[in-house]
Structure formats: C-alpha cells, structure tokens
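Student: This is a predicted model, with the sequence first.
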Amino acid sequence: MSFEVLRILQIGDIHQPEWPLEREGRDVKTALQSQLFADGLGWYRIERILAALLHHADSADAIVFVGDYTTKGDALGLETCIAHFAALLRPELGSDRDIPIIAVPGNHDVNKDFATDVGISSKFRTLQGLVRYRKWQALPVETLISTDLERNGMAAGRIFSVNTCMGSWELAAFGESTLQTLTLLRQMTETGRVPKVSNNSFVNETGDVENLQYDNYDAPFVLQNVLSAMSQALSQAPPSCALIAVGHHNLLQQEVPRYAPYAELLNSGALRKTLQACDRSTIYLHGHIHDGPIEIISDAENPNRQIVSVSAPALTHGFNLLEVHVTEDGPPLGVNVRRFRLKPNGNVMEELPVTIPLFSLTHKQRVLKREAEVIAVVEDEQRIRFVKLIDLPKIRALGLPEKDLGALVISLYWRKLLHIDYISSPSSEWMLKAMEA
Ligand SMILES: [Fe+2]
C-alpha cells in the first residue's frame, strides 16, 4: 500500500473589477497630507492574497475557479480577469509542470443582453472562448467536463466541472405569464402609465423592466443530461479514485437568506442525490455565497454516501487548498481543507485545517497486527518524529519499507488511531502522537 496527496487550489468569487483597490492599514485624515507618503504607508489587500496564492499554486495538482470572474458578465471584465490569472499562474507553475486549470461559470458571468438575445447556452460563449484560448480545461456549458489527476499512470482523482448557471438571468427562464407581465409593464413604463417607484412594484427605481432580471431574478439550474452523465461517470470511476465535483452554487441554503424568486440552485436536491447515488464519499467545491462554510451532507441509511461540500470565500478574503489523501489499492482516505485568510493586519494566515475522513469510520476500525504494534510504540513514546520511529528496533522488526510505513501511519491517522502534526509537510517533518484516551 502506498498513499499519495492530491493538492487542489480552490479560488472563490473574484468579481473583477470590484477588487478593493483602496490602500489599507492607514488613516488618511485630510487631502492636505502628502499623497506620496499616504500611498507609501498603505498596502493593497489583493496583493497580499495573490502573493499567498502563488506560493501554493506552485505545489498544486489542479487549480479550480468556482466562478463569478465579473459582476455583469461584460466581455472586457471577463477578458481582463482570465488574462490576469492566466499570466499570473502559468509562469509560476514552471515550464515542466502543466497542471489543469479548471473554471466553471458563475451567475454573475452571464451578460444580461446575451442572455436575452442569444439563448440559454450561447450566453456563455465569451467565457468559453477565453478559457479555450488560455488552454484551461474546457468550460462546462451543456455537458459535463471531466479532468483526471494522474498518479503512476492511474486516475488518482477525477474532477467533474458542472455548469450550475444554465437558467441564470434570462427571459427564457420565466414562464409565459411572467413574460406577459414583463411585456405589459414595459409598455406601461414606456408610455408613462407606471410611476417609477422603488417599493412594492415590479419596476425598479429607474423604471427599467429588463433590469429586473439582474435585480430580482436568477434561475440557476443544472441540465438533466449533465446530471445523468455525472451519475454514470461517478459509478464507473475506479474505487481508489477521489471524486470531486465543481460548480458555482451552494447545495444547501445558507445563513444569509435569499428571498428573491429562484435565487438558489433550483435542482440542488437532484445534484445532491446524483452525488450521493454512487455509494461513496464525494467532494463538492463551490463559491457564490462569498463565505467559506464546510458542510457534510450525509445519508443516515448509508454513511458511505457523504458529500463534503467546501465553499471558497470571495478571493479578497482568502482561498482554500485541499489535500486529498488517496491510496493505490483502497478507497480515498480523507481530505484536509487548509484555509488561508486575510487578517486585519494584512497578513494571510492559515487557519486550523479541517480534517474530514472520506469513509465511514465504522467500517474501518479493524486493526491489523502490525498496525497495533505501531500504535503501541507511539503510545509508549507519547510523541515521536516519523524519522525517529523508522529507526526503532521494534519498528525495524516489522520489515516495512519507509514508504509502506508512511502509508500505514497515514491510514491510522484517518482512522483516528493516532495523530500526526505537520501532516501537510514531507514525512521527514511528521510528528506522531498517541491519541488521548
Ligand atoms: Fe459572487
């Protein structure tokens, strides 16, 4: 048995060009002060985030953007954003590493005019073209896009990117009676028969009926044929392969209520059911809510069917790095979600990682003899570095190569039979600790 780590960098909503470009960490009282000094004293929030992001991009196996590159899907905003990140990430990855960059659309990447004029799928064509031009993985529009993360010629992880924004912001999403009402309202506002009011009206402050789409109506959903394709692909994946889906929208309603009509993913229940139907743990990465909750959606009847749903905050607040532990000959072990967040002092700090096993613990408690011996040695020592453990006579007597011993202690870690500090570092830095009784 050997184990591998798959590192996936998750980048949340960007909303270019609304990055806060004011300098932080200064208090400018008056314009009479020297602008030169005032500028020199401040720092840009986005610079700190991007520096930390680049540091971790270097070791990532895949980079995932969860959508909302812009706010109104304007072509210039999309182009600027994709070009910026393409230029930023590619050189850092080095010429000998060509890792997949995966992007899904967000509802705010849909342009209102496109949505009205060109139809339900073509409204994504600007973003689709930009992503293709930069040689990122294909943008999911009407189909499921699958990307393999390989180890030793095998798929150790499979990432499914999904378009959750099919119905977003277009008249085609509305039923006949709503369309008739909108048409009537437009005619009435054009003839001045409807006053421009902001409350208790279908018409917004400017009296602009079409803007109603942006102000009030979203209608996100996933196409049924994409769910069917995903269901089939999940069931056909090798048992040792980590299964990761990426979409823009959240699967569950959140703390902040959204009470506009059709604001949440309309068929999130169907997407959840599709992910759970494969009888294995899956990971779902998303954005949209500009917050970073990590939720586990489980099925009481079958504990193996859990969805680990991980949200990335807006990029101006930080990003996530997921470390998925997989083995060659067994199911994936677990995922460490490492959360990097911008703090008020301007530093990007790593918060405590959230560690989630990807199997049901009740099915993994049988302890092999040599595992019991390793646990006993760690309990005797209370805490011991992995490199010291290897040299102990009792451990040498097990006759395990270092790689296999590493996989053994990682398996014990995920089964909560021992603890490892610095698990994100190379094994030479691991500190093994006995679990508290
Ligand atoms: Fe957003």
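Tutor: Yep, it's here. Numbers count the residues shown, from 1 in each chain.

Student: Sheet partners, orientation included, of the host helix or strand of Tyr284?
Tutor: Assigned by DSSP states H and E, Tyr284 belongs to strand 282-286. Within its sheet, strand 282-286 is paired with strand 242-246 (parallel), strand 307-311 (parallel), according to DSSP bridges.

Student: Just name the most buried of these.
Tutor: strand 242-246 (a mean of 26; mean count of other Cβ atoms under 10 Å). Glycine gets a C-beta too; all of them are placed from N, C-alpha and C.

Student: hmm, who's touching it?
Tutor: The contact list for strand 242-246, computed with Cβ atoms under 8 Å, 6 or more residues apart in numbering, reads 6, 8, 64, 66, 102, 104, 149, 156-162, 230, 234, 237, 275, 278, 280-286, 324, 326, 332, 335, 358.

Student: Where do the helices of the stretch 51-200 of the chain begin and end?
Tutor: 75-93, 112-117, 125-133, 176-190 (DSSP state H, counting those that start in this stretch).

Student: residues in contact with the residue of the stretch 51-200 of the chain at minimum distance from the ion?
Tutor: Nearest residue of the stretch 51-200 of the chain to the ion (Cβ to the ion) works out as Asp68 at 3.6 Å. Residues in contact with Asp68 (Cβ under 8 Å, 6+ apart) are Asp13, Ile14, His15, Gly106, Asn107, His108, Asp109, His248, Gly287, His288.

Student: pLDDT score assigned to it?
Tutor: At Asp68, the model reports a pLDDT of 96.

Student: Please name the nearest non-neighbouring residue to it.
Tutor: Excluding its sequence neighbours, the residue lying closest to Asp68 (Cβ to Cβ, 6 or more residues apart in numbering) is Gly106, at 3.3 Å.

Student: Show the backbone phi and psi for that neighbour.
Tutor: The phi and psi values for Gly106, taken as degrees, to the nearest 10, are phi -110, psi 160.

Student: Tally up the residues packed near it, please.
Tutor: 31 (other Cβ atoms under 10 Å).

Student: out of the strands paired with strand 282-286, nearest to the ion?
Tutor: strand 307-311 (11.2 Å).

Student: Report the central residue of the chain.
Tutor: Centroid check for the chain by Cα atoms, centre = their mean gives Leu285 as the closest residue, at 3.4 Å.

Student: Help me confirm that it comes into contact with Ile63.
Tutor: No - Leu285 is beyond contact range of Ile63, at 11.4 Å (criterion: Cβ atoms under 8 Å).

Student: Now do the shared contacts for these two.
Tutor: Contacts common to Leu285 and Ile63, judged by Cβ under 8 Å, 6+ apart, are Ile8.

Student: Work out for me the element Gln10 sits within.
Tutor: Short version, using DSSP H and E: Gln10 is in strand 3-11.

Student: Now find how far off-centre that strand is within its chain.
Tutor: Taking the mean of its C-alpha atoms, strand 3-11 sits 11 Å from the chain's own mean (Cα atoms, centre = their mean, to the nearest Å).

Student: tell me which residues in whichever helix or strand comes after that strand are buried?
Tutor: Using DSSP H and E, the helix or strand that follows strand 3-11 in sequence is helix 35-41. Buried residues in helix 35-41, defined by neighbour count with 16 or more other Cβ atoms under 10 Å: Ala38.

Student: likewise stretch 418-434?
Tutor: Applying 16+ other Cβ under 10 Å to stretch 418-434 flags Leu418, His419, Ile420, Ile423, Ser424, Ser427, Trp430, Leu432, Lys433, Ala434 as buried.

Student: Can I get the strands paired with strand 282-286 in CSV including mean pLDDT and distance to the ion?
Tutor: Converted to CSV, the strands paired with strand 282-286 look like this (pLDDT from 0 to 100; distance: least, Cβ to the ion, whole Å):
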stretch, mean pLDDT, distance to the ion
strand 242-246, 98, 15
strand 307-311, 98, 11
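
Student: I'd like those strands laid out as a markdown table, including distance to Ser268.
Tutor: Below are the strands paired with strand 282-286 laid out as a markdown table (distance: least, Cβ to Cβ, whole Å):
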| stretch | distance to Ser268 |
| --- | --- |
| strand 242-246 | 12 |
| strand 307-311 | 10 |
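
Student: Figure out the length between the terminal residues of stretch 251-268.
Tutor: Terminal residues of stretch 251-268 lie 5 Å apart, using Cα to Cα, to the nearest Å.

Student: and it, how far out from the chain's middle?
Tutor: 18 Å.

Student: and it, anywhere near the ion?
Tutor: No - applying Cβ under 5 Å from the ion, one finds stretch 251-268 separated from the ion by no less than 12.1 Å.

Student: Report the next helix or strand after the helix or strand of the chain with the lowest mean pLDDT in sequence order.
Tutor: Here the helix or strand of the chain ranked lowest by mean pLDDT, DSSP states H and E is helix 212-215, holding a mean of 59. Sequence order places helix 224-236 as the next helix or strand after helix 212-215, per DSSP H and E.

Student: related to what we said a few turns ago, would you agree the residue nearest to Asp68 is in contact with His286?
Tutor: No - applying Cβ under 8 Å, one finds Gly106 not in contact with His286, separated by 9.8 Å.

Student: Name the residues contacting each of the two.
Tutor: Common neighbours of Gly106 and His286, counting by Cβ under 8 Å, 6+ apart, are Val66, His248.

Student: Quick one: end-to-end length of stretch 302-316, please.
Tutor: 38 Å.

Student: And the particular helix or strand that has Ala376 in it, what's buried?
Tutor: Under the criterion DSSP H and E, the helix or strand holding Ala376 is helix 369-381. Of the residues in helix 369-381, Arg370, Glu371, Val374, Ile375, Val377, Val378 count as buried by neighbour count, 16+ other Cβ under 10 Å.

Student: quick one: contacts of stretch 300-311?
Tutor: Applying Cβ under 8 Å, 6+ apart, the set of residues contacting stretch 300-311 from outside is 10, 12, 250-252, 272, 275-289, 291-299, 320, 322, 335, 337, 356, 358-360, 362-363.

Student: Start and end of that stretch, how far apart?
Tutor: For stretch 300-311, the first and last residues are 23 Å from each other (Cα to Cα).

Student: how distant is that stretch from the center of its chain?
Tutor: Distance, stretch centre to chain centre, for stretch 300-311: 16 Å (Cα atoms, centre = their mean).

Student: Show me what Val337 is bridged to.
Tutor: Here Val337, judged by DSSP bridges, has bridge partners Leu322, Val354.

Student: Against the ion, how distant is it?
Tutor: Distance, Val337 to the ion, by Cβ to the ion, to the nearest Å: 20 Å.

Student: That residue - how many residues pack around it?
Tutor: 22.

Student: Contacts only, for it.
Tutor: By Cβ under 8 Å, 6+ apart, Val337 lies in contact with Ile294, Val310, Asn320, Leu321, Leu322, Pro353, Val354, Thr355, Ile356.

Student: Fine by me, thanks again.
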